[in-house]
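K.L.:
Provided below for reference: sequence and predicted model.
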Number of protein chains: 2
Amino acid sequence: MTNEHLLVATALAAWKLNIERTEKLFFDLPAEKLQAEIAPGKNRLIYLWGHLTAVHDRMITALSLGERVRPKFDAVFISAPDKTSDLPSADEIKKAWSEVNARLLKGFETLTPADWLRKHSAVSDEDFAKEPLRNRYAILLSRTSHLAYHLGQAVLALK
Amino acid sequence: MTNEHLLVATALAAWKLNIERTEKLFFDLPAEKLQAEIAPGKNRLIYLWGHLTAVHDRMITALSLGERVRPKFDAVFISAPDKTSDLPSADEIKKAWSEVNARLLKGFETLTPADWLRKHSAVSDEDFAKEPLRNRYAILLSRTSHLAYHLGQAVLALK
């Protein structure tokens, strides 16, 4: 592998590790436990799981990897805070989470290092010419941090 | 910049963004607020800040960037859980945090992409030959996630 391939492979390993940790935490959690808040008055686990699913679903578009899986999740899990909407069931979230992340992984495999360095869909050609770090790779890294951020919160509801 | 330089620069930007968010959160927080728990019975903010400082201090060694700044922090902030030791003052932690992260940033600037792909200090030559992703770049990415993980917890004490 060339250096650029190794750098991408290292970042993909970090992504996958955080996905595995998330699945270890949420999969098979009893339904009532998903209603637990991460701290008094804060988000419930089920909301965080749906939020992560929606944010990852949006990555499919941001990275130009095809059609989104559950665009309707945005209204409930991104635009609205927890406890203001009826949420999909745990089974629906789990199904969406799995489909979204499988689509992402499959898409990631098609990208060369040069592809990762292309602009993501939310930045204009003009802005990208000035700020070349607003690339697809930055989306991968920032969403890995975003996942870790909420994982740190989610574990608080379990211990 | 070559692709490998751009990939490294993108990861360094992600690191710096998380460092800035952490400093925005902890710097100038009143001393009594640093005693707040992230959730009832969980870690206090001051412990998390010291923990992050100690983990980053260990990166200096892991990445072979020179001498550590505060090896004594390990006993209080890594080996021991919160509320079992007398902690350094907020001023001492802030000073250590700033020195540690300045030393890291200075060190990061000296590393070429090929350097980032060398093994980190905690992996043997033998193991690294089999697992080339256990490189210094993986340390940078995993510590960025670690920082985001605890940042997600820390914000819970503030709102």
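P.N.:
That came through, no problem. Numbering: from 1, shown residues only, chains lettered A, B, ... in the order given.
K.L.:
show me which residues of chain A are close to chain B?
P.N.:
Residues of chain A that fall close to chain B, judged by Cβ under 8 Å from any Cβ of the partner chain: A:1-4, A:6-11, A:13-14, A:17-18, A:38-40, A:42, A:113-114, A:116-117, A:132-133, A:135, A:137-138, A:141-142, A:144-153, A:156. (C-beta placed from N, C-alpha, C; glycine too.)
K.L.:
longest helix in chain A, please.
P.N.:
Longest helix in chain A by number of residues, with DSSP state H as the criterion: helix A:3-26.
K.L.:
and the helix or strand that that one is followed by, which residues are buried?
P.N.:
On the C-terminal side of helix A:3-26, the nearest following helix or strand under DSSP states H and E is helix A:45-62. By neighbour count with 16 or more other Cβ atoms under 10 Å in any protein chain shown, helix A:45-62 contains the buried residues A:45-60, A:62.
K.L.:
ok so, going back, which of the residues of chain A next to chain B are buried?
P.N.:
Those of these that meet the buried threshold are A:3-4, A:6-11, A:13-14, A:17-18, A:38-39, A:42, A:113, A:116-117, A:133, A:135, A:137-138, A:141-142, A:144-153, A:156, by 16+ other Cβ under 10 Å.
K.L.:
re the thing from before, angle of the longest helix of chain A against helix A:45-62?
P.N.:
With axes from the mean of the first three to the mean of the last three Cα atoms, to 10 degrees defining the directions, helix A:3-26 sits at 150 degrees from helix A:45-62.
K.L.:
for helix A:3-26, packing partners?
P.N.:
helix A:45-62, helix A:90-110, helix A:113-116, helix A:136-154, helix B:3-26, helix B:113-116, helix B:136-154 (3 or more Cβ pairs under 8 Å, 6 or more residues apart in numbering or on different chains; DSSP states H and E).
K.L.:
where does residue A:66 land in three-state SS?
P.N.:
Residue A:66 carries the three-state label coil when classified by DSSP: H, G, I helix; E, B strand; the rest coil.
K.L.:
state the distance from it to residue A:106.
P.N.:
9 Å (Cβ to Cβ, to the nearest Å).
K.L.:
now residue A:51
P.N.:
Counting by Cβ to Cβ - residue A:51 and residue A:106 are separated by 23 Å.
K.L.:
name the residues that touch stretch A:127-143?
P.N.:
A:8, A:11-12, A:15, A:55-56, A:59, A:62-63, A:108, A:111, A:115-120, A:123, B:1, B:6-7, B:9-11, B:13-14, B:17, B:141, B:144 (Cβ atoms under 8 Å, 6 or more residues apart in numbering or on different chains).
K.L.:
how about the contacts made by the residue nearest in space to the middle of chain A?
P.N.:
Using Cα atoms, centre = their mean, the residue of chain A that lies closest to the mean C-alpha position is residue A:56, 3.1 Å off. Neighbouring residues of residue A:56 by Cβ under 8 Å, 6+ apart: A:97, A:100, A:101, A:104, A:143.
K.L.:
what pLDDT is listed against it?
P.N.:
pLDDT for residue A:56: 98.
K.L.:
next one: it from residue A:122, what distance?
P.N.:
Residue A:56 is 15 Å from residue A:122, by Cβ to Cβ.
K.L.:
where are the low-confidence patches of chain A?
P.N.:
Counting by pLDDT under 70, not a single residue of chain A qualifies.
K.L.:
residue contacts, residue A:101?
P.N.:
Applying Cβ under 8 Å, 6+ apart to residue A:101 gives the contacts A:19, A:56.
K.L.:
mind doing that once more with 6 Å?
P.N.:
residue A:19 (Cβ atoms under 6 Å, 6 or more residues apart in numbering or on different chains).
K.L.:
and it, how far from chain B?
P.N.:
17 Å (Cβ to the nearest Cβ, to the nearest Å).
K.L.:
that residue and residue A:7, how far apart?
P.N.:
Counting by Cβ to Cβ - residue A:101 and residue A:7 are separated by 22 Å.
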